[in-house]
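> Model the structure of this input:
(2 chains)
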Amino acid sequence: MAQENKKQVEQITDMEVDFAQWYTDVCKKAELIDYSSVKGLFILRPYGYAIWENVQKELDSKFKATGHENVYLPLLIPESLLEKEKNHVEGFAPECAWVTFGGSEPLEERLCIRPTSETLFCEHYANIIHSWRDLPKLYNQWCSVLRWEKTSRPFLRHREFLWQEGHTMHATAEEAIEETERMLEIYADFCENTLAMPVVKGKKTDKEKFSGAEATYTVECMMHDKKALQGGTSHYFGDGFARAFDITFTGKDNRQQYPHQTSWGVSTRLIGGIIMTHGDNNGLILPPRIAPIQIMVIPVAQHKPGVLDAAAAVVSRLSAAGFRVKSDTSDQSPGWKFAEYEMKGVPLRLELGPKDIENHQCVLVRRDNGEKVFASLDQLEETVSKLLDSAHHALYSKAKRTLEDNTYPCSTLEEVRETMSARGGFAKAMWCGDLACEQRMKDEAGVSSRCIPFAQENLGDTCAICGKPAHHMVYWGVAY
RNA sequence: CCGGGUGUGGCGAAGUUUGGUAUCGCGCUUGACUGGGGGUCAAGAGGCCGCAGGUUCAAGUCCUGUCACUCGGACCA
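Prediction:
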């Protein structure tokens, strides 16, 4: 019954032919995105935005469940404020956009359109944190930020993008580190259990860590083209920003001290990850737990008496059971509708025609594997629930296999270079910890360090690059 | 930012070499027949040829500039 090998959608370039073009085609044809008149600023169309709304809904409830509160800080940052933390401003200044006029009057101080809000949070925290009783502060904000990137691509690199940024302050370093790890765990859980995207959890090297952070943690995913995409990051700042912004509190011991800080975020880039992790040559494949429409009901021979009523009844039943369900009662042919919702990645299609109604059944077809089943209308809710669940697990396992099958242990730089140029994917190799070696890996093998995984393996005692004693096993790869 | 490619109804293209009435397919609108994998027929609508200058009697076509998209690189989370 499976039809996964049959090409149904001709407007989408095959990913084997041109992966970048396939990706762009899917974004456009599935109506996730449109271009605007300014480079790098994209329009999120209803279907694309709906995916983001589901991301927000899921994550927001996880944040709230772990004690975080939502806030909203301003869009603009005075230059003097941005400059307070040296490393931070060095990292972001090259890609800031500036407001220099208010109406027709030049401003006395130019204002940066936020590329991230650490500085704003710090300024605010300096005002509201005075005592150990004021800690911890667990804030999050959903907003957009602006970074003047030189090249842009739908979801993967926007100049303006939507994200959430959590910013927290803690009395001790231990607490802050714990928070950093907790949030990374939430991201990992969300990627795997909601988006069906397996991750490699780990720590960034100093070279790859966030500007101004003491440590950056990441979840790394692998795309269909075997390149890496960072799913989310969580940073530990120590008290560096607190010192720069003069944030102090009086401890239980009546001593003035600096609080310890974290920040963490995910962005609409995750949507690009979903597309490139699960999609195929017929278009998008959405994991059921994030899909805006989980079940599309397609009435067949809908002009015949009773068909539309039966379809509406199925929609209200499934909707009452908590599923996200729609029906397409337009006068397009059923075949057209099949292709359309396949392209849009709807996880489950429900066909309902006169023959089905007569037999008190419907036809259910899974998007991920094309499997078709005839299901009695009696246990419809249970059947649908099981199918969506299996689809989630199948997508996860498939992606997990891709990740594992394309991760290669390597013992020398030369081996990394050969493996990466021949097959792509991730290389795992031992590393001494020197920036020079990391740089050589980039220059000579074309890969950057993705992370130092929490799950360390001992592949040898010496650095794959210089041969000196190794301290870490690192995942290397080409990143988006 | 550097290098290559591309901008012509909503989409995909031809036309540019050699300047001379704006073309084709899909889609769209209306109607009829259809309907279990992108249906058939008929009649219609829709274009400042990316934008701005210039050359010319005449510019989609030639020249200059500019913007955007795209591929590769550099930069970047």
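> Quick check: closest non-adjacent residue to A:R349.
Once its chain neighbours are removed from consideration, A:R349 has its nearest residue in A:V365; the separation is 4.4 Å (Cβ to Cβ, 6 or more residues apart in numbering). Just so you know, the C-beta spots here come from the backbone N, C-alpha and C atoms, and that holds for glycine as well.
> my bad, should have said A:L41
Setting aside the residues directly before and after it, A:L41 is nearest to A:E160 in space (Cβ to Cβ, 6+ apart), at 5.2 Å.
> Now do that neighbour against RNA strand B, distance only.
12 Å (Cβ to the nearest atom of the strand, to the nearest Å).
> And for A:A455, the neighbour number?
Counted with other Cβ atoms under 10 Å, the neighbours of A:A455 add up to 8.
> So it: helix, strand or coil?
Per DSSP: H, G, I helix; E, B strand; the rest coil, the secondary structure class of A:A455 is coil.
> Repeat that for the one 4 residues further on.
Put simply, A:L459 is coil when judged by three-state DSSP.
> Thought A:P409 was touching it, still the case?
Yes. Between A:L459 and A:P409 there is a contact at 5.3 Å, judged by Cβ atoms under 8 Å.
> shared neighbours, the two?
Common neighbours of A:L459 and A:P409 (criterion: Cβ atoms under 8 Å, 6 or more residues apart in numbering): A:428-429.
> that older thread, next one: the residue nearest to A:R349 from RNA strand B, what distance?
5 Å.
> in chain A, which residue is closest to the centre?
If you average the C-alpha coordinates of chain A and look for the closest C-alpha using Cα atoms, centre = their mean, you land on A:L270, 2.2 Å from that point.
> what about the residue of the stretch 201-350 of chain A found nearest RNA strand B, neighbour count?
Evaluated by Cβ to the nearest atom of the strand, the stretch 201-350 of chain A has A:G335 as its residue closest to RNA strand B, separated by 2.5 Å. In terms of burial, A:G335 registers 10 neighbours under the definition other Cβ under 10 Å.
> and A:Q439, what element?
Using DSSP states H and E, A:Q439 sits within helix A:435-440.
> if we can go back for a sec, tell me the SS of the residue of the stretch 201-350 of chain A closest to RNA strand B?
For A:G335, the secondary-structure state derived from three-state DSSP is helix.
> need the helix or strand of chain A with the lowest average pLDDT.
Sorting the helices and strands of chain A by mean pLDDT, DSSP states H and E puts helix A:86-92 at the bottom, at a mean of 83.
> Show me where the stretch 1-150 of chain A has its strands.
Assigned by DSSP state E, counting those that start in this stretch, the stretch 1-150 of chain A shows strands spanning A:33-35, A:42-44, A:69-70, A:76-78, A:98-102, A:105-113, A:137-146.
> Please name whichever of these is nearest to A:M430.
Closest to A:M430 of those is strand A:137-146 (Cβ to Cβ; 36.5 Å).
> which helices and strands does that closest one pack with?
helix A:46-65, strand A:69-70, helix A:118-128, strand A:160-170 (3 or more Cβ pairs under 8 Å, 6 or more residues apart in numbering; DSSP states H and E).
> Turn the strands of the stretch 1-150 of chain A into TSV, columns for distance to A:F454, mean pLDDT and mean neighbour count.
TSV is the format used below for these (distance: least, Cβ to Cβ, whole Å; pLDDT from 0 to 100; neighbours: other Cβ atoms under 10 Å):
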stretch	distance to A:F454	mean pLDDT	mean neighbour count
strand A:33-35	34	90	16
strand A:42-44	33	92	18
strand A:69-70	29	98	12
strand A:76-78	34	94	18
strand A:98-102	40	89	11
strand A:105-113	35	91	14
strand A:137-146	23	97	18
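> and the nearest residue to A:K137 once chain neighbours are set aside, what does it touch?
Computed as Cβ to Cβ, 6+ apart, the closest residue to A:K137 that is not its neighbour in sequence is A:M169, at 4.4 Å. A:M169 sits next to A:125, A:129, A:135-137, A:176, A:242, A:247, A:259-261 when contact means Cβ under 8 Å, 6+ apart.
> cutoff 6 Å now
With contacts defined as Cβ atoms under 6 Å, 6 or more residues apart in numbering, the neighbours of A:M169 are A:125, A:137, A:259, A:261.
> I'd guessed the first one sits against A:I247; true?
Think A:Y125. Yes. Using Cβ atoms under 6 Å, A:Y125 is in contact with A:I247, at 5.1 Å.
> Chain A: helices as residue ranges?
Counting by DSSP state H, the segments of chain A that form helices are A:19-29, A:46-65, A:79-82, A:86-92, A:118-128, A:173-193, A:240-244, A:269-278, A:307-320, A:334-343, A:354-359, A:380-405, A:413-423, A:435-440.
> of the ones you listed, which approaches A:L146 most closely?
helix A:86-92 (10.6 Å).
> In the closest one, which residues are buried?
A:88-89, A:91-92 (16 or more other Cβ atoms under 10 Å).
> Make CSV from these and add distance to A:V474 to it.
As requested, the buried residues of helix A:86-92 are exported to CSV (distance: Cβ to Cβ, whole Å):
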residue, distance to A:V474
A:H88, 25
A:V89, 29
A:G91, 22
A:F92, 26
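> from the residues you listed, which is closest to RNA strand B?
Within the buried residues of helix A:86-92, distances to RNA strand B taken as Cβ to the nearest atom of the strand reach their minimum at A:G91, with 4.1 Å.
> That closest one contacts A:S211, doesn't it?
Yes. Because the distance of 2.4 Å satisfies Cβ under 6 Å, A:G91 is recorded as touching A:S211.
> how many other residues sit next to the residue lying closest to A:T250 once chain neighbours are set aside?
Among residues not flanking A:T250 along the chain, A:S131 sits closest, at 5.4 Å (Cβ to Cβ, 6+ apart). The local packing count at A:S131 equals 11, with neighbours defined by other Cβ under 10 Å.
> I figured A:S131 hits A:K252, correct?
No. With contact defined as Cβ under 6 Å, A:S131 does not reach A:K252; the gap is 9.2 Å.
> Share the number of residues neighbouring A:A65, please.
The burial metric for A:A65, expressed as a neighbour count using other Cβ under 10 Å, is 9.
> measure it to A:R182 for me?
As defined by Cβ to Cβ, to the nearest Å, A:A65 lies at a distance of 11 Å from A:R182.
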